[in-house]
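> Here is a sequence with its predicted model. Questions after.
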Amino acid sequence: MKKSTVSMLVASVLVSSAVLAGCGSSSASKSDKTDVDSLTVWAWDAKYNVKAVELADKIYQKTDDKPVKVKIVESAQDDIVQKLNTALSSGVTKGLPNIVLIEDYRAQSFLAAYPDSFFPLTDVINSKDFVDYKIAAGTYNKEVYNVPFDTASTGMYVRTDILEKAGYKLEDLQNITWKQYTEIAKVVKEKTGVKAITNQMDDLGQIRAMINSSGAWYTGEDGKTPTIKDNVALKEAFEDMKTLNDGGLMNLHNDWAQYVSAFNKGTVWSAPAGNWLTPSITAEASQSGKWAVVPYPRQSVEGSVNASNMGGSSWYVINQNGKEEAAEFLKETFGSSEELYKQLTEQIGAIGSYKPATASGTYNTKVDYFGGQEIYKDFAGWAEKIPAVNYGSNTYEIEDILAKAFQDYSKGGDLDKILSDAQKEAEDQLK
């Protein structure tokens, strides 16, 4: 029996041919003898995604009767995207990993551009075991290509002590709209001097999550046709964000460090974000017991819900030698292990989209920092309510256009004309 080990490679994403030499012919079943010596995984973020693979491999050692080695190549997400595009566009899979982590917003662009480069996992996992919107992100031409990882389910982190000084209780922030949030923010600012939210004007992450809560996106159901001009949810998101900024309720930041500093130092009293923000919130030990998480605000748009997505990624298998072994690894870990999801929550604060883990009580942990609130259970519950939308192939291309549009609007431009112009620009660019 081969003993499975995880080794970290922090150099370049493109591993040497010597490393890949072990990825020989594939095996159809676990009982067959295989000459695949190792599986290579590409991922970013050593403390989160890479750690998740390390935990998965420990589970894999116990469940697979003939596990192979798992080697991790850690690199920046942008580098991974660039190198994937370079290799796949040339039609050469040599030098690529067996498993790669891809952000959900980018998945459709890869699947559409390189439809034969990824191994279908439709028959490997039970899609019904995962929340709908995550499976939808990795489905192309009716085939499922992804094993979902973290949900990036949104909530709103709030400072309970600051709210109490302004006369509010947590009950007042349950299942509210953005307009109700703004009215609360005005009172809190007046009574405490603390702003409500921090934002980077050229980053549309918040707007993206706002419209996702209404089941809307920048493109139609086909994932290709721009739907900017008559997008009611998008228009309202622009309006609500401008209202917060114009009212002096928004702090502005330029980078991640400033973003974290805004809520760690008490510059703002709320942080509407994905559950990945939890470690950054709890990094400020002096505020333990002063935070809680409430449902993400919804829009006034009909059908909008108090749940959304902000980020998140899934695992994909490159269609090359070793694909069966790679699929087996994912099946036995992220695809079915409740124990893994328990460890992911306890050790890195990750919340998966695997429904059986939620049902079994995996996330029923009271977190002292949040006053004993079972925040992981709450995030997991909200994840099941997130509307599934087709992110399409051009999320970031369109956001480049919309970022400029939002800046023009924030300076006093006519919103209808701005969105109409953005629609035309998107149509011209995506022809």
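Happy to help now that I have it.

> Count the neighbours of the closest residue to residue 332 other than its chain neighbours for me.
Spatially, and ignoring its direct neighbours in sequence, residue 332 is nearest to residue 63 (4.6 Å; CB to CB, 6 or more residues apart in numbering). C-beta coordinates here come from the backbone N, C-alpha and C atoms, glycine included. The local packing of residue 63 (other CB atoms under 10 Å) involves 17 other residues.

> these two touch, right, residue 63 and residue 339?
No - if you go by CB atoms under 8 Å, residue 63 and residue 339 don't touch, sitting 9.4 Å apart.

> Show me the strands in the stretch 101-250 of the chain, by range?
Here the stretch 101-250 of the chain has its strands, by DSSP state E, counting those that start in this stretch, at 139-140, 143-144, 146-148, 154-159, 197-199, 250-252.

> For stretch 274-293, give me every contacting residue.
Residues outside stretch 274-293 that contact it (CB atoms under 8 Å, 6 or more residues apart in numbering) are 48, 150-161, 170, 209, 260, 263-264, 266, 271, 309-312, 348-351, 368-371, 373, 375-376, 378-379.

> 7 Å instead?
With contact meaning CB atoms under 7 Å, 6 or more residues apart in numbering, stretch 274-293 is reached by 150-161, 170, 260, 263-264, 271, 310-311, 349, 351, 368-371, 373, 375, 378-379.

> Out of the residues you listed, which end up buried?
150-160, 260, 263-264, 271, 310-311, 349, 351, 369-370, 373, 375, 378-379 (16 or more other CB atoms under 10 Å).

> what residues are up against the residue lying closest to residue 152 once chain neighbours are set aside?
Among residues not flanking residue 152 along the chain, residue 312 sits closest, at 3.3 Å (CB to CB, 6+ apart). Residue 312 makes contact with 104, 150-152, according to CB under 7 Å, 6+ apart.

> Swap in 8 Å and give it another go.
103-104, 134, 137, 149-152, 274.

> now residue 389
Counting by CB under 8 Å, 6+ apart, residue 389 touches 133, 136, 212, 215-217.

> Likewise for residue 247?
Taking CB under 8 Å, 6+ apart, one finds 182, 185-186, 189 in contact with residue 247.

> And stretch 154-169, end to end?
20 Å (CA to CA, to the nearest Å).

> what about that stretch, average pLDDT?
The average of the pLDDT scores along stretch 154-169 is 98.

> quick one: that stretch to chain centroid distance?
25 Å (CA atoms, centre = their mean, to the nearest Å).

> what would the strands of the stretch 101-250 of the chain look like in CSV with distance to residue 385?
Shown next, in CSV, are these (distance: least, CB to CB, whole Å):
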stretch, distance to residue 385
strand 139-140, 20
strand 143-144, 21
strand 146-148, 16
strand 154-159, 11
strand 197-199, 22
strand 250-252, 27
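
> Nearest to residue 383 among those would be which one?
strand 154-159 (9.0 Å; CB to CB).

> which strands and helices sit next to the closest one?
strand 270-274, strand 291-294, helix 375-383 (3 or more CB pairs under 8 Å, 6 or more residues apart in numbering; DSSP states H and E).

> what's downstream of the worst-scoring helix or strand of the chain on mean pLDDT, the next helix or strand?
Taking mean pLDDT, DSSP states H and E as the measure, helix 17-20 is the helix or strand of the chain with the lowest mean score, a mean of 35. Following helix 17-20 in sequence order, the next helix or strand is strand 38-43 (DSSP states H and E).

> Each with direction, which strands does that next one pair with?
Strand 38-43 sits in its sheet next to strand 69-74 (parallel), strand 99-103 (parallel), going by DSSP bridges.

> Flag every buried residue along the helix or strand following the longest one.
If I follow you right, that is strand 69-74. Sequence-wise, the next helix or strand downstream of strand 69-74 (DSSP H and E) is helix 77-90. Across helix 77-90, burial judged by 16+ other CB under 10 Å covers 77, 80-81, 83-84, 87-88.

> do the same with stretch 327-342
Neighbour counts over stretch 327-342 (16+ other CB under 10 Å) mark 327-342 as buried.

> wait, which of those residues is closest to residue 73?
Proximity of the buried residues of stretch 327-342 to residue 73 (CB to CB) peaks at residue 329, which lies at 15.3 Å.

> Determine the angle, from 0 to 180 degrees, between the helix or strand harbouring that closest one and strand 69-74.
Per DSSP H and E, residue 329 falls inside helix 323-332. Angle, helix 323-332 to strand 69-74, by axes from the mean of the first three to the mean of the last three CA atoms, to 10 degrees: 80 degrees.

> helices and strands around helix 323-332, which ones?
Using 3+ CB pairs under 8 Å, 6+ apart, helix 323-332 sits against strand 38-43, helix 51-63, strand 99-103, strand 313-317.

> Cool, thanks, signing off.
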